[in-house]
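Novice: Provided below for reference: sequence and predicted model.
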Amino acid sequence: MENRAENIIEIASPLGTQFRAQTAGYRANFPDARFDIIELASLPIGRIVVDRRRDVLHIVDQAIVPSQRNRGVGTTIMKALMDEAGRAGQKVRLQVASTNASAMRLYLRLGFAPIATEPFLVEMEWPTPAAAASGPVGLTPESN
């Protein structure tokens, strides 16, 4: 059975090849991570990969189609995950490309702080367990 997220991307395209390689890497490095499709009004608009460990909720990847960006979807998802982590007493960690200014602004606005820097990536952490409201965005598990 084909992966639902792969159905969203043209499999024969270079983007499909990149997507499959990226997914394989995530599954190898984060075998217990959950892969979900991000939906808005029952339409798939992206995906998120979250690795939940004892002391940290690690956001491995979050991608939203360009036409749905800057509409609050990413903020809603992040606040829901921060609320989950806060209730569990967990930190939230993620990495962001150092060139991704809009994502960096979002994470800083939400209270994340840089904790490590690599040549092209910044690792960020949200250490404060604080309640956050979740919104109308839903997640549907990908089929394996």
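Specialist: All right, it came through fine. Numbers count the residues shown, from 1 in each chain.

Novice: Just the element for the most centrally placed residue in the chain, please.
Specialist: Residue closest to the mean C-alpha point of the chain, counted by C-alpha atoms, centre = their mean, is Q62 at 2.6 Å. Assigned by DSSP states H and E, Q62 falls within strand 56-64.

Novice: elements contacting that strand?
Specialist: Applying 3 or more C-beta pairs under 8 Å, 6 or more residues apart in numbering; DSSP states H and E, we find strand 56-64 packed against helix 14-29, strand 43-52, helix 73-88, strand 91-97. Yep, even glycine has a C-beta here, placed from its N, CA and C like the rest.

Novice: what's next to the last one, contact-wise?
Specialist: This means strand 91-97. With contacts defined as C-beta atoms under 8 Å, 6 or more residues apart in numbering, strand 91-97 is touched by 55-60, 62, 81-82, 85, 103-104, 107, 112, 115, 120-127.
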